[in-house]
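1. What follows is a predicted protein model with its sequence.
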Amino acid sequence: MAKTSLQSELTPLHTEPLLELSIGEQLRAQSSRFPEHPALIWAPNGDPCEVDSLTYEELLRAAETSAATIAKYGNVGDRVAIWGANTPEWVVAEYACALTGMVLTPFNTAWTDAEVEYALDLTRPRLLLAGPNGRGTDLSDRATTLTAIEGSCKTLPLADIEIHPAVPIAYAEQTVDPGAPFLVQFPSGTT
């Protein structure tokens, strides 16, 4: 029987097995293999003439330092919401969640308070990291008000996530099942 075009599109190009590593373990592996290679490059303050970066080793140290803080607010499997624009702190917080085994829940910065309340009620995060929205307005005050209503969620400024920690903190590695949930992703209006 001939393959249909859809069947040929779904045929994998290679059959290498998936890595049996959690995201945190993969970050540790990359840091070990390529410690000085760039892992994250960005333009601070949106200035394309200025560049900052983190190597894999620096990203791991920043994520471990943040993981030590984030772990104070929950346990493996608990949720951490991030409500802020794309920033290096956002990426570091994402990897910190991976190291702790906590489930990342990104919130859309364009959401209304009612939409954030709905997401808080649905996902029940233990921690909400709040940063600036896409236009630079800090969401921390709104986040603090909304989490006070919800009750069991604490709010921290996303800016408290250190991307270049002066004193890195080694985070005791958690055993995280590679198949464990890592992300609760809400669809946008276009998906």
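-> Right, received. Where do you want to start? Residues are numbered from 1 along each chain as shown.
2. Skip the chain neighbours and tell me the closest residue to the spatially most central residue of the chain.
-> For the chain, Glu94 is the residue whose C-alpha lies nearest the centre (Cα atoms, centre = their mean; 1.9 Å). Once flanking residues are discounted, Glu94 sits nearest to Leu104: 5.7 Å by Cβ to Cβ, 6 or more residues apart in numbering. (Each C-beta comes from the backbone N, C-alpha and C, glycine too.)
3. Could I get the phi/psi values of the one you found?
-> Main-chain torsions, Leu104, degrees, to the nearest 10: phi -80, psi 130.
4. neighbours around it, how many?
-> 23 (other Cβ atoms under 10 Å).
5. again, but for Ser152
-> Neighbours of Ser152 under the rule other Cβ under 10 Å: 9.
6. So for stretch 63-82, what gets flagged as buried?
-> Across stretch 63-82, burial judged by 16 or more other Cβ atoms under 10 Å covers 63-71, 73-74, 78-82.
7. Give the residue spans of the chain that score low on pLDDT.
-> Applying pLDDT under 70 to the chain picks out residues 1-12, 150, 189-191.
8. now do 90
-> 1-20, 44-49, 132-138, 148-152, 166-175, 187-191 (pLDDT under 90).
9. what's the nearest residue to Arg33 if we skip its chain neighbours?
-> Leaving aside its sequence neighbours, Arg33 sits nearest to Tyr56 (Cβ to Cβ, 6+ apart; 7.9 Å).
10. secondary structure element for the residue nearest to the centre of the chain?
-> Element membership for Glu94 (DSSP states H and E) is helix 88-100.
11. picking up where we left off before, does the residue nearest to the centre of the chain really touch Gly84, like I thought?
-> No. Counting by Cβ atoms under 8 Å, Glu94 sits too far from Gly84 to count as a contact (11.5 Å).
12. Can you pull the residues that touch both of the two?
-> Common contacts of Glu94 and Gly84 (Cβ atoms under 8 Å, 6 or more residues apart in numbering): none found.
13. any idea how far Gly101 is from the residue nearest to Ser188 when sequence neighbours are not counted?
-> With Cβ to Cβ, 6+ apart as the criterion, Ser188 has its nearest non-adjacent residue at 6.8 Å, and that residue is Asn108. Distance from Asn108 to Gly101, counting by Cβ to Cβ, to the nearest Å: 25 Å.
14. ok, those two, which is more surrounded?
-> Neighbours were counted for Asn108 and for Gly101 using other Cβ under 10 Å; Gly101 has more, 23 against 16.
15. List the contacts of the residue lying closest to Ala180 once chain neighbours are set aside.
-> Distances taken as Cβ to Cβ, 6+ apart place Gly101 nearest to Ala180, at 6.6 Å, with adjacent residues excluded. Residues near Gly101 by Cβ under 8 Å, 6+ apart: 22, 24, 75-77, 174-176, 180.
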